[in-house]
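>>> build me a structure from this.
(3 chains)
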Amino acid sequence: MHDVTLTTRRREEFIRLDDHLESLAAAYGWRDGLLLLHVPHTTAALTINENGDPDVPRDLLMRLAVLAQDSGYRHAEGNSDAHLKSSLLGCQLWVPLKDGRLRLGTWQSVWFCEFDGPRQRQIWVRHMEDFGVQRG
Amino acid sequence: MHDVTLTTRRREEFIRLDDHLESLAAAYGWRDGLLLLHVPHTTAALTINENGDPDVPRDLLMRLAVLAQDSGYRHAEGNSDAHLKSSLLGCQLWVPLKDGRLRLGTWQSVWFCEFDGPRQRQIWVRHMEDFGVQRG
Amino acid sequence: MHDVTLTTRRREEFIRLDDHLESLAAAYGWRDGLLLLHVPHTTAALTINENGDPDVPRDLLMRLAVLAQDSGYRHAEGNSDAHLKSSLLGCQLWVPLKDGRLRLGTWQSVWFCEFDGPRQRQIWVRHMEDFGVQRG
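Down below sits the predicted model:
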């Protein structure tokens, strides 16, 4: 298990992970297979979404804030909205590697989603060799 | 990596993938193990949900439209609602295979979720042999 | 494939699975690798979230009820809200094992999410040996 460490700078932001993950793959010599990503935090998440227009992450954060707005939260830390967003988007992803690069759709990137920063955060990365036998 | 190609016919619809996946398994001789499904698009998703009553996918699409309605989106393509739905449901699933058939719960099917069609879409399918040692 | 069976006691509740999973691991002698969890139901889900304050699951259930409230559902069983929550949170998780214990973040636990109980429910558990070669 290897880590990517991030320092987030706002309460809420999306940070693109593609370069971090490809640097880690280069450092360890991972060429193919899969990466299992796991965020060990309960007020953050991972998602795959568009990498072209910065208004997409901005729109996602804006609308998630509406979805998670306070309608009677009791949790004393006052960050139940962030816990909900973490469960809605999820804290795990699988990313295929090919020749040391992420193999995603043309417009897809992997995003770390901070919902209760700024903080220091981690993404656990586990590399798996391909374990299939692809006949045909 | 193998593909299922779909042509969607509406802006929003759910298309059941079970038969497509079992046909692919038959074509390649996959009997057991797991399928990793990945949608390489940022305005579509995958989900597992009920296969009995067509009103279930209809109700999900109807309510997702409420959740993702425009409250100030800026993304110029005008499809931020579809990007949000993609992140809420996710673009990946793992499906167990047994004797060439999907091994899901009685009422479960795998659904492709179109949120910005009609378009031609792909689902990437990676077959994994079982890699566990199940003692006991 | 092995099962955890749960009897839920309310229409909606979160049940912490960590102890159930570690007991299963002990019974089968699983020490390391990964567990793939799959809920074979369409009105329940799995999520990873905070294990400290019981107000967190309470707040999540409260706000999910708002998100999934009826704005014209047609499904005759009257539980479309539960189907939507199942798709929003998802029915699958991967959990790393280390020395027979779940390896999660400090505040993370695995939760079974009942949205249409009380019922008897199952969680399918598949153990995978580590299949990576971690160089470097």
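>>> please enumerate the strands of chain A.
Along chain A, counting by DSSP state E, strands occupy A:2-7, A:13-16, A:33-38, A:44-50, A:92-98, A:101-102, A:108-114, A:120-128.
>>> on contacts alone, who are the packing partners of the shortest one?
Contacts of strand A:101-102 with other secondary structure elements, assessed using 3 or more Cβ pairs under 8 Å, 6 or more residues apart in numbering or on different chains; DSSP states H and E, are made with helix A:18-28. Placement of C-beta: from N, CA and C, glycine included.
>>> who's in contact with the helix it packs on?
Helix A:18-28 has contacts (Cβ atoms under 8 Å, 6 or more residues apart in numbering or on different chains) with A:2, A:4, A:6, A:30-31, A:35, A:37, A:51, A:95, A:97, A:100-102, A:109-110, A:123, A:125, A:127, C:134-136.
>>> could I have it exported to PDB, CA atoms only?
Below are the C-alpha coordinates for helix A:18-28, written out as PDB (Å, rounded to 0.1, in the frame of the first residue of the first chain):
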ATOM      1  CA  ASP A  18      -4.000  11.900 -12.700                       C
ATOM      2  CA  ASP A  19      -0.400  13.300 -12.500                       C
ATOM      3  CA  HIS A  20       0.100  12.200  -8.900                       C
ATOM      4  CA  LEU A  21      -0.900   8.600  -9.800                       C
ATOM      5  CA  GLU A  22       1.200   8.400 -12.900                       C
ATOM      6  CA  SER A  23       4.200   9.700 -10.900                       C
ATOM      7  CA  LEU A  24       3.700   7.000  -8.300                       C
ATOM      8  CA  ALA A  25       3.400   4.400 -11.100                       C
ATOM      9  CA  ALA A  26       6.700   5.700 -12.600                       C
ATOM     10  CA  ALA A  27       8.400   5.700  -9.200                       C
ATOM     11  CA  TYR A  28       7.500   2.000  -8.500                       C
END
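>>> residue contacts, A:Thr47?
Residues touching A:Thr47, when contacts are defined by Cβ under 8 Å, 6+ apart, comprise A:Phe14, A:Leu60, A:Leu89, A:Gly90, A:Leu93, A:Val110, A:Trp111, A:Cys113, B:Ser87, B:Gly90.
>>> right, and A:Asp32 touches A:Leu97 too?
Yes. The pair A:Asp32 and A:Leu97 passes the contact test of Cβ atoms under 8 Å, sitting 5.5 Å apart.
>>> the more surrounded of those two?
Higher neighbour count among A:Asp32 and A:Leu97: A:Leu97, with 21 against 15, using other Cβ atoms under 10 Å in any protein chain shown.
>>> is that one in a bridge, and if so with what?
As for beta bridges, A:Leu97 partners with A:Gly33, A:Leu102 under DSSP bridges.
>>> report pLDDT for it.
Here the pLDDT value assigned to A:Leu97 is 96.
>>> which ones are touching it?
Residues near A:Leu97 by Cβ under 8 Å, 6+ apart: A:Ala25, A:Trp30, A:Arg31, A:Asp32, A:Gly33, A:Leu34, A:Leu35, A:Arg103, A:His127.
>>> now do A:Leu6
Contact criterion Cβ under 8 Å, 6+ apart gives A:Ile15, A:His20, A:Phe112, A:Gln120, A:Arg121, A:Gln122, A:Ile123 as the residues in contact with A:Leu6.
>>> output the longest helix belonging to chain A.
When secondary structure is assigned using DSSP state H, the longest helix within chain A turns out to be helix A:55-67.
>>> for chain A, give the residue positioned nearest to chain C.
When Cβ to the nearest Cβ is the measure, chain A has its nearest residue to chain C at A:Pro40, with 2.7 Å between them.
>>> hang on, that residue packs against A:Ser86?
No. Using Cβ under 8 Å, A:Pro40 is not in contact with A:Ser86; the gap is 11.3 Å.
>>> quick one: which of the two has more around it?
Set A:Pro40 next to A:Ser86 and count neighbours by other Cβ under 10 Å: A:Ser86 wins out with 28 against 18.
>>> give me the pLDDT for the more buried one.
With respect to pLDDT, A:Ser86 scores 98.
>>> so what pairs up with the nearest residue to it once chain neighbours are set aside in the strands?
The shortest distance from A:Ser86 to any non-neighbouring residue, by Cβ to Cβ, 6 or more residues apart in numbering or on different chains, is to A:Ala45 (4.8 Å). Under DSSP bridges, the beta-bridge partners of A:Ala45 are A:Cys113.
>>> what residues are up against A:Ala45?
With contact set as Cβ under 8 Å, 6+ apart, A:Ala45 has these partners: A:Val39, A:Lys85, A:Ser86, A:Leu88, A:Leu89, A:Gly90, A:Cys91, A:Phe112, A:Cys113, A:Phe115.
>>> from those, which single one is nearest C:Ala65?
Distance to C:Ala65, by Cβ to Cβ, is smallest for A:Leu88 among those, at 14.0 Å.
>>> that closest one against C:Lys85, yeah?
No. Counting by Cβ under 8 Å, C:Lys85 is not a contact partner of A:Leu88; they are 10.1 Å apart.
>>> who has more neighbours, these two?
Set A:Leu88 next to C:Lys85 and count neighbours by other Cβ under 10 Å: A:Leu88 wins out with 27 against 24.
>>> so who does the residue nearest to A:Asp53 when sequence neighbours are not counted touch?
Across the structure, with Cβ to Cβ, 6+ apart as the measure, the residue nearest A:Asp53 apart from its sequence neighbours is B:His75 (5.6 Å). Neighbour list for B:His75: A:Asp53, A:Asp55, A:Val56, A:Arg58, A:Asp59, B:His83 [criterion: Cβ under 8 Å, 6+ apart].
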